[in-house]
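Asks: please work out how this folds:
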Amino acid sequence: MLEEPSSPAHATRPTLRVIAQAAGTSLAATSMALRNHAGISAKTRAHVQAVALKLGYHPDPKLSMLMQHLRTQCGVEYYETIGYLSFYPDSRWKKYSQYYIYEGAAERAVELGYRVEVFQLGEPGMTPERMNNVLKARGIRGLLIGGTDQPNMRLDLDWDYFAAVSLSYTLASPTLHCVSTDFYREMLSALNRLQQEGYKRIGLNVKLLDDIKTFNLWRSAYLLYQDKIPKNQRIPIHATPSGRDRLQEWVNTHKPDVIISAACDFPREYQEIYSKPPPKHIHYVNMNIFQADARSRGIDQNGNAVGRLACGNLISMLQRYEIGLPEHPQITSIDGKWVEDYTEWTKRNKKSRAVL
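Replies: Have a look, this model is predicted:
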């Protein structure tokens with residue numbers, strides 16, 4: 001365990017050379033050890049950091065900010081690489097809305113003098129051990145962990161070498177800092193909006209597995225809403241593994257005047273199953289507008305903002321030398337944006353992507 005600094009608070013901050021001499025290491029090795037660089041052994045890093053702390057050393061945040069500013073303004077050719085870990089075996093994840101999270105992260109990284117590179121955890125022959133070796137060999141210290149198709153995933157890496165931020169709730173172990181969309185507040189916001197518009201019978205059709213991947217936040221918010229409305233307006237949640245089962249039966253039995261889709265899309269699912277358009281007298285909302293079409297309004301989960309914040313947080317961790325698993329993991333939630341006009345939203349979205 002590291003001892004408290006022995007030097008008084010007003011003492012002169014020790015230089016890198018003083019620390020290197022006291023630790024018996026080179027200037028380069030001392031610098032890398034203080035930055036928790038993976039190119040230095042854990043034993044040496046611990047030794048150098050213990051010596052530095054005893055001498056009264058602490059990182060200077062203003063200096064870190066200045067160096068970051070200079071690196072960005074000068075347009076240096078070298079960018080430290082941040083790894084984006086995808087659990088998929090190929091690039092299929094780029095078709096999903098989480099690709100906008102990646103784009104936001106990559107955009108923010110460049111602004112701060114870094115770059116993001118994708119590593120495929122799901123590619124054939126890849127194991128956590130092999131990925132661990134690849135990342136270490138590349139000197140990558142910062143990791144962004146993408147979402148997966150399955151909940152409760154486990155990722156066994158040598159976490160003493162990495163700072164990491166998860167981009168979804170699907171990673172159960174280890175527990176990392178996480179930045180994600182605010183599923184709970186987005187559902188409450190949609191329900192309140194629909195209620196104010198005069199809808200009385202609001203139904204929820206949800207794909208069960210994906211709701212589990214969100215800590216059941218969609219259903220939790222919906223049940224809270226139902227607790228506040230008259231019993232004769234309550235509609236049982238239609239939660240099935242695929243989000244496609246017995247849709248007609250559920251509609252005929254409970255007669256919703258608006259249907260919210262979560263992790264599926266009722267109009268498209270209905271048309272595919274029954275080979276006819278969905279009921280026109282029902283209004284449709286989707287909790288992820290990327291999964292819908294012009295028949296729905298809904299929520300843009302603001303993936304770009306999620307990615308930007310996650311990457312910014314990760315870079316701050318690297319600059320503060322916060323390597324390893326966090327003692328107090330934090331979850332940061334980003335509000336989505338309501339989309340009233342799907343067609344107009346699509347035009348704006350395509351225009352913004354063209355600029356990237």
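Asks: contacts and neighbour counts: CA atoms only from here.
Replies: Noted.
Asks: after the lengthiest helix in the chain, next one along is what?
Replies: Assignment by DSSP state H gives helix 303-319 as the longest helix of the chain. The first helix or strand that comes after helix 303-319 along the chain, using DSSP states H and E, is strand 331-334.
Asks: quick one: strands adjacent to that following strand?
Replies: Take DSSP bridges as the rule and strand 331-334 pairs in its sheet with strand 177-181 (parallel).
Asks: please enumerate the helices of the stretch 201-350 of the chain.
Replies: For the stretch 201-350 of the chain, the helices identified by DSSP state H, counting those that start in this stretch occupy 208-213, 217-226, 247-254, 266-274, 303-319, 342-355, in order along the chain.
Asks: quick one: closest of those helices to Arg45.
Replies: helix 303-319 (14.9 Å; C-alpha to C-alpha).
Asks: would you mind pulling the contact partners of the closest one?
Replies: Outside of helix 303-319, the residues that reach it under the criterion C-alpha atoms under 8 Å, 6 or more residues apart in numbering are 35, 64, 97-109, 141-144, 163-167, 178-181, 323, 334.
Asks: in strands, which of these fall?
Replies: Residues of the contacts of helix 303-319 located in strands (DSSP state E): 142-144, 163-166, 178-181, 334.
Asks: so what's Gln150 closest to, chain neighbours aside?
Replies: Sequence neighbours aside, Thr170 is the residue nearest to Gln150 in space, at 6.7 Å (criterion: C-alpha to C-alpha, 6 or more residues apart in numbering).
Asks: before we move on, what about Thr332?
Replies: Take Thr332 and drop its neighbours on the chain: the residue closest to it by C-alpha to C-alpha, 6+ apart is Val179, 4.7 Å away.
Asks: how near is that neighbour to Ser242?
Replies: When C-alpha to C-alpha, to the nearest Å is the yardstick, Val179 and Ser242 sit 26 Å from each other.
Asks: give me the more crowded residue out of these two.
Replies: Set side by side, Val179 and Ser242 give different neighbour counts by other C-alpha atoms under 10 Å, the larger being at Val179 (24 against 14).
Asks: that one: what's it in contact with?
Replies: Neighbours of Val179 in contact, by C-alpha under 8 Å, 6+ apart: 165-168, 306-307, 309-310, 331-334.
Asks: which of those residues are buried? Put it as a PyMOL command.
Replies: In PyMOL, a selection of the buried entries from the contacts of Val179 looks like this (16 or more other C-alpha atoms under 10 Å):
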select buried, resi 165+166+167+168+306+307+309+310+333+334
